[in-house]
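J.: Fold the following for me, if possible:
(one chain, ligands or ions: 1)
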Amino acid sequence: MNPCPPNPSPEHIASCEECSVAAVVAPWMKRFASLNERQHILPHPSIVWLKAQVLRSSSEAARASRPMTYVQFFAYGLVASGWAALLTWKWEAIQELLRPFNATNIASGSFSVSSVPMFGALMLLATVTVTLALHTILAEE
Ligand SMILES: [Zn+2]
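T.: Okay, the predicted model is just below:
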């Protein structure tokens, strides 16, 4: 293969297939490169400035609430580990606690809570879980 020169002569263009194709395409490429037609018109500078202000204030708010987010994640971990600990260590007691809640016991009136501290711990953990969930939901809005 003979290498093509950067600025081929008309004789070379006539004899070389690659350069003749490039010579046909070149005017179209030059016109295309000079086109200044944008698909999306740039917004007005004042809109760009306003958007930057809004984004900056929202990022400042996110930075200010970061410690609260850490506390929230800590609370999630605490509640999750509390449930895990309660369910793992006191599974027998929880089963014992839930046994009176069946239909025959409720109908016959022999409804009793066998372990009051256990029931209290369950209720406390459930309350904390619901409170945390509500706080999360309300904080998002
Ligand atoms: Zn050539």
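J.: After the helix or strand bottoming out on mean pLDDT in the chain, which helix or strand is next?
T.: Sorted by mean pLDDT, DSSP states H and E, the helices and strands of the chain end with helix 103-108, the least confident at a mean of 62. Moving toward the C-terminus from helix 103-108, the next helix or strand (DSSP states H and E) is helix 116-140.
J.: from the middle of its chain, how far away would that next one be?
T.: Distance of helix 116-140 from its chain centroid, counting by CA atoms, centre = their mean, to the nearest Å, is 25 Å.
J.: Show me what that helix is packed against.
T.: helix 66-89, helix 91-98 (3 or more CB pairs under 8 Å, 6 or more residues apart in numbering; DSSP states H and E). To be clear about C-beta, it is placed using only N, CA and C from the backbone, and glycine gets the same treatment.
J.: closest to the ion out of the ones you listed?
T.: Across the helices and strands packed on helix 116-140, the ion has its closest neighbour in helix 66-89 (63.0 Å, CB to the ion).
J.: how far is the closest one from where the chain is centred?
T.: 21 Å.
J.: next one: stretch 19-36
T.: Using CA atoms, centre = their mean, the offset of stretch 19-36 from its chain centre is 45 Å.
J.: Can you report phi and psi for His40?
T.: phi -110, psi 120 (degrees, to the nearest 10).
J.: With Cys16 instead?
T.: The phi/psi pair for Cys16 (degrees, to the nearest 10) is phi -100, psi 130.
J.: wouldn't it be in contact with Ser9 here?
T.: No - between Cys16 and Ser9 there is no contact under CB atoms under 8 Å: 10.1 Å.
J.: Which one's more surrounded, the two?
T.: Cys16 (16 against 10; other CB atoms under 10 Å).
J.: Spatially nearest residue to that one (excluding sequence neighbours)?
T.: Distances taken as CB to CB, 6 or more residues apart in numbering place Cys4 nearest to Cys16, at 6.2 Å, with adjacent residues excluded.
J.: so the one you found touches Ile13, yeah?
T.: No - under the criterion of CB under 8 Å, Cys4 is not in contact with Ile13, lying 9.4 Å apart.
J.: overlap in contacts of these two?
T.: Cys19 (CB atoms under 8 Å, 6 or more residues apart in numbering).
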